[in-house]
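coords please:
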Amino acid sequence: MKVYLTLLVVAALMAYAATPAMRHLAFRAGAVTAVRDRDVHKLPTARLGGIAIFLGIAAGIVIAQNIPFLAPVFEASGAVWGVLGGAAIVCALGMADDIWDLDWMAKLAGQVLAALVMAWGGVQLVTVPIAGLTIGSSYLSLAATVIVVVVAMNAVNFVDGLDGLAAGMVAIGGAAFLTYTYVLARSASPGDYSSLASLILAVLVGACLGFLPHNLHPARIFMGDSGSMVLGLTIAGAAIVVTGQIDPTVVSERERIPAFIPIVLPLMVVAVPLIDMTLAVVRRLLKGQSPFMPDAHHLHHVLLRAGHSHRWAVGVLYVWTAVLSFGTVSLVFLPWEQSLVLVGVGLTIAALITFSPALRRRLSKSWRAAGDKARPLQRITPEGHHREHDDDGALADHAPAGAAHEGPASASAPTTALPTKERP
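As a prediction, this is how the structure comes out:
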């Protein structure tokens with residue numbers, strides 16, 4: 001596990017260090033998200049944060065290639081390079097879309113190409129663990145792989161609507177998935193804990209964690225399509241490796257790990273994005289609209305209209321992801337009765353904070369009141385801005401009337417004068 005944690009840190013540091021440069025590049029290239037009626041951000045914001053996420057993943061994989069412990073992963077097949085190659089394609093595709101606004105058919109074609117590259121690299125769905133089903137046809141296997149990857153990419157893209165939401169959810173679900181794949185590797189191959197899925201998930205979680213400090217509300221940069229598609233493709237790659245290339249019956253006999261976990265856990269990791277995407281597609285089709293038509297009725301929009309603040313809405317979806325993914329993983333470590341109790345408690349807590357915005361407001365008031373006793377209500381920064389706490393207890397900038405508001409990295413010109421591109 002120390003090796004995987006080290007790679008996680010490497011990916012996090014690379015993503016964290018690369019993000020400010022990507023923000024500067026986004027302003028220079030005009031990859032800036034405009035503010036529209038259905039958006040929740042208040043100022044035009046840079047995109048292209050997904051490039052930093054990709055660089056974090058790539059750095060972790062390159063370092064891993066030189067670690068003897070992981071040599072079997074690279075010697076067995078070119079699967080890891082297939083995942084990285086597919087991620088590079090969708091990262092470039094997303095960057096082009098963030099700058100020039102590609103047609104949806106062009107993006108879909110690029111997604112299919114990336115999935116094919118990953119499949120040709122050896123990451124291909126060949127079995128379904130629940131029924132012990134083997135996909136006999138190579139063409140059906142290839143088609144199934146492409147469908148899984150494309151759906152995962154678009155699911156993450158659909159849910160990427162609030163600051164820190166997509167990166168945080170993938171980091172949480174990926175951490176649960178990493179825990180499972182490590183246990184699976186130890187059980188299936190005693191003495192050799194190297195695992196392609198664990199490697200992919202470690203660098204994925206690290207890249208998300210490194211990007212998050214720049215993306216939390218109020219975000220200084222968005223990941224854009226270059227990030228959401230990379231996250232979706234990478235998590236799908238890990239899921240295919242575990243679901244379709246590891247025989248869970250061997251592990252079940254040794255560790256009594258339920259045979260359905262390899263296919264259920266990946267679904268739980270992306271359950272919230274999948275639900276959001278499914279509801280959006282059905283909603284738009286019933287209205288006679290294109291399923292790719294953007295609207296303001298995603299799950300995060302519903303939470304905001306219900307009275308949750310920006311950060312609490314993100315936190316609610318974090319909680320649901322944690323309960324579903326870690327609750328599923330708990331079946332590996334606990335008897336199923338105890339695991340069901342744990343999941344039940346988690347779902348109850350998640351439901352309470354989801355459907356009780358008043359509870360959030362009472363907690364926020366309590367925290368703000370406690371903070372007021374320990375700090376002045378207002379300070380003046382050297383720039384003349386008032387620094388106050390918002391309803392989440394976080395510091396917010398309020399410029400004096402008539403003053404131009406600049407981003408945290410201080411662009412040379414006011415952000416409102418920059419070319420902007422709408423956020424999907």
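
count of neighbours near residue 331?
Close neighbours of residue 331, defined as other CB atoms under 10 Å, add up to 22. All C-beta spots, glycine's among them, are computed from the backbone N, C-alpha and C.

does the closest residue to residue 96 other than its chain neighbours count as helix, strand or coil?
Leaving aside its sequence neighbours, residue 96 sits nearest to residue 102 (CB to CB, 6 or more residues apart in numbering; 6.0 Å). Of the three states, residue 102 takes coil under DSSP: H, G, I helix; E, B strand; the rest coil.

which residues of the stretch 251-400 of the chain fall in strands?
Secondary structure of the stretch 251-400 of the chain by DSSP state E, counting those that start in this stretch: the strands cover 379-380, 386-389, 395-398.

what about the second one, average pLDDT?
Strand 386-389 carries an average pLDDT of 38.

Let's see stretch 65-75 as CSV, backbone CA atoms only.
Only the C-alpha atoms of stretch 65-75 are listed here, as CSV (Å, rounded to 0.1, in the frame of the first residue of the first chain):
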residue,chain,number,x,y,z
GLN,A,65,7.0,2.3,-14.5
ASN,A,66,10.4,2.6,-12.7
ILE,A,67,9.2,0.9,-9.4
PRO,A,68,10.2,-2.8,-9.3
PHE,A,69,7.1,-3.7,-7.3
LEU,A,70,4.9,-2.7,-10.2
ALA,A,71,7.0,-4.3,-12.9
PRO,A,72,4.5,-7.2,-13.4
VAL,A,73,1.8,-4.6,-14.2
PHE,A,74,3.8,-3.2,-17.1
GLU,A,75,5.2,-6.5,-18.3
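
Identify each buried residue in the longest helix that the chain contains, please.
Assignment by DSSP state H gives helix 2-29 as the longest helix of the chain. For helix 2-29, the neighbour count (16 or more other CB atoms under 10 Å) marks 3-4, 6-8, 10-16, 18-20, 22-23, 25-27, 29 as buried.

Show me what secondary structure element comes after that helix.
Note on helix 2-29: by DSSP states H and E, the next helix or strand toward the C-terminus is strand 32-33.

by contact count, what packs against that next one?
Under the contact definition 3 or more CB pairs under 8 Å, 6 or more residues apart in numbering; DSSP states H and E, strand 32-33 sits against strand 45-46.

which residues sit against the strand it packs on?
22-23, 26-27, 31-33, 219-222, 407, 423 (CB atoms under 8 Å, 6 or more residues apart in numbering).

any weak-confidence spans in the stretch 201-350 of the chain?
244-260, 292, 294-296, 300-301, 307 (pLDDT under 70).

next helix or strand past the helix or strand where residue 142 lies?
If you go by DSSP H and E, residue 142 is part of helix 138-159. Next helix or strand after helix 138-159 toward the C-terminus (DSSP H and E): helix 165-188.

Switch the contacts of strand 45-46 over to a markdown table; also include distance to residue 279.
Converted to a markdown table, the contacts of strand 45-46 look like this (distance: CB to CB, whole Å):
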| residue | distance to residue 279 |
| --- | --- |
| 22 | 31 |
| 23 | 32 |
| 26 | 30 |
| 27 | 34 |
| 31 | 29 |
| 32 | 29 |
| 33 | 23 |
| 219 | 24 |
| 220 | 30 |
| 221 | 28 |
| 222 | 23 |
| 407 | 33 |
| 423 | 20 |
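
and residue 70, what does it touch?
3, 64, 194, 199.

Now for the residues you listed: which two are most distant?
64 and 194 (9.6 Å; CB to CB).

which residues are common contacts for these two?
70, 73.

coming back round to it: tilt between the helix holding residue 142 and helix 165-188?
Relative orientation of helix 138-159 versus helix 165-188 (axes from the mean of the first three to the mean of the last three CA atoms, to 10 degrees): 140 degrees.

Mind giving me the packing neighbours of helix 138-159?
Packing partners of helix 138-159 (3+ CB pairs under 8 Å, 6+ apart): helix 104-120, helix 165-188, helix 224-245, helix 271-286.

re the thing from before, tell me the mean pLDDT over the longest helix of the chain?
pLDDT averaged over helix 2-29 gives 94.

neighbours of residue 344, just the number please.
Residue 344 has 12 nearby residues by other CB under 10 Å.

so which of the contacts of strand 45-46 comes closest to residue 154?
Checking the contacts of strand 45-46 one by one against residue 154 (CB to CB), the nearest turns out to be residue 423, at 15.5 Å.

What does the pLDDT read for that closest one?
46.

cool, and residue 414?
39.

Please apply the same query to the one 4 residues further on.
Per-residue confidence (pLDDT) for residue 418: 45.

Can you tell me the closest non-neighbouring residue to residue 327?
residue 343 (3.8 Å).

pretty sure residue 85 is touching residue 116, no?
No. Counting by CB atoms under 8 Å, residue 85 does not reach residue 116; the two are 10.3 Å apart.

Just give me the neighbour total for residue 1.
Around residue 1 there are 12 residues (other CB under 10 Å).

Spatially nearest residue to it (excluding sequence neighbours)?
Using CB to CB, 6+ apart and skipping residues adjacent in sequence, the residue nearest residue 1 is residue 182, 6.1 Å away.

measure the residue nearest to residue 206 when sequence neighbours are not counted to residue 342 for me?
Leaving out its chain neighbours, the residue that sits closest to residue 206 by CB to CB, 6+ apart is residue 11, at 3.1 Å. In this structure, residue 11 and residue 342 are 30 Å apart, going by CB to CB, to the nearest Å.

cool, and residue 328?
11 Å.

When the two are compared, which one has more neighbours?
Taking other CB under 10 Å, residue 328 and residue 342 do not tie; residue 328 has more neighbours (25 against 16).

which residues touch the more buried one?
176, 261, 264, 265, 268.

Narrow these to those in helices?
Assigned to helices by DSSP H, the following of the contacts of residue 328 qualify: 176, 261, 264, 265, 268.

Count the residues that sit near residue 231.
34.

right, I mislabeled it, should have said residue 103
Neighbour count of residue 103, defined by other CB under 10 Å: 9.

again with residue 352
For residue 352, the neighbour count with other CB under 10 Å is 11.

how close does it sit to residue 338?
Taking CB to CB, one finds residue 352 at 22 Å from residue 338.

same check, this time on residue 140
Taking CB to CB, one finds residue 140 at 39 Å from residue 338.

Over to residue 89?
Distance from residue 89 to residue 338, by CB to CB: 44 Å.

and those two? which has more neighbours close in?
Between residue 89 and residue 338, counted using other CB under 10 Å, residue 89 has the larger neighbour count: 21 against 12.
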